[in-house]
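A.B. asks: Fold the following and give me the result.
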Amino acid sequence: MTLLLLEALGALCVFVFIIWWTMFSGRKGGERLPAEDASDNKD
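C.D. replies: All right, here's what the predicted structure looks like:
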């Protein structure tokens with residue numbers, strides 16, 4: 001029973017780490033502003 005609990009805890013830790021990694025591994029300057037997107041499309 002203890003082994004099952006440890007395995008479940010390990011899986012939960014991996015799951016939380018994946019969620020945390022995807023939330024905070026974006027662009028270093030953050031998301032671009034809509035004004036910057038509009039200026040990129042102008043020729």
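A.B. asks: Quickly note the distance from Leu9 to Leu33.
C.D. replies: Look at Leu9 and Leu33: by Cβ to Cβ, to the nearest Å, they are 41 Å apart. From N, CA and C alone the C-beta is placed, and that goes for glycine too.
A.B. asks: Same question for Ile18.
C.D. replies: On the measure of Cβ to Cβ, Ile18 and Leu33 end up 29 Å apart.
A.B. asks: and what of Val14?
C.D. replies: Val14 is 35 Å from Leu33, by Cβ to Cβ.
A.B. asks: can you check Ile19 too?
C.D. replies: 26 Å.
A.B. asks: do Leu5 as well
C.D. replies: Taken as Cβ to Cβ, the span from Leu5 to Leu33 is 47 Å.
A.B. asks: what's the answer for Leu12, then?
C.D. replies: 37 Å.
A.B. asks: now swap in Ala11 and tell me
C.D. replies: The gap separating Ala11 from Leu33 is 39 Å, by Cβ to Cβ.
A.B. asks: just Ala8 next, same as before
C.D. replies: Here Ala8 is placed at a distance of 43 Å from Leu33 (Cβ to Cβ).
A.B. asks: Trp20 too?
C.D. replies: 25 Å.
A.B. asks: what's the answer for Ser25, then?
C.D. replies: Distance, Ser25 to Leu33, by Cβ to Cβ: 20 Å.
A.B. asks: Over to Glu7?
C.D. replies: When Glu7 is compared with Leu33 (using Cβ to Cβ), they lie 45 Å apart.
A.B. asks: Select the helix or strand of the chain having the lowest average pLDDT value.
C.D. replies: For the chain, the helix or strand with the lowest mean confidence is helix 34-41, at a mean of 61 (criterion: mean pLDDT, DSSP states H and E).
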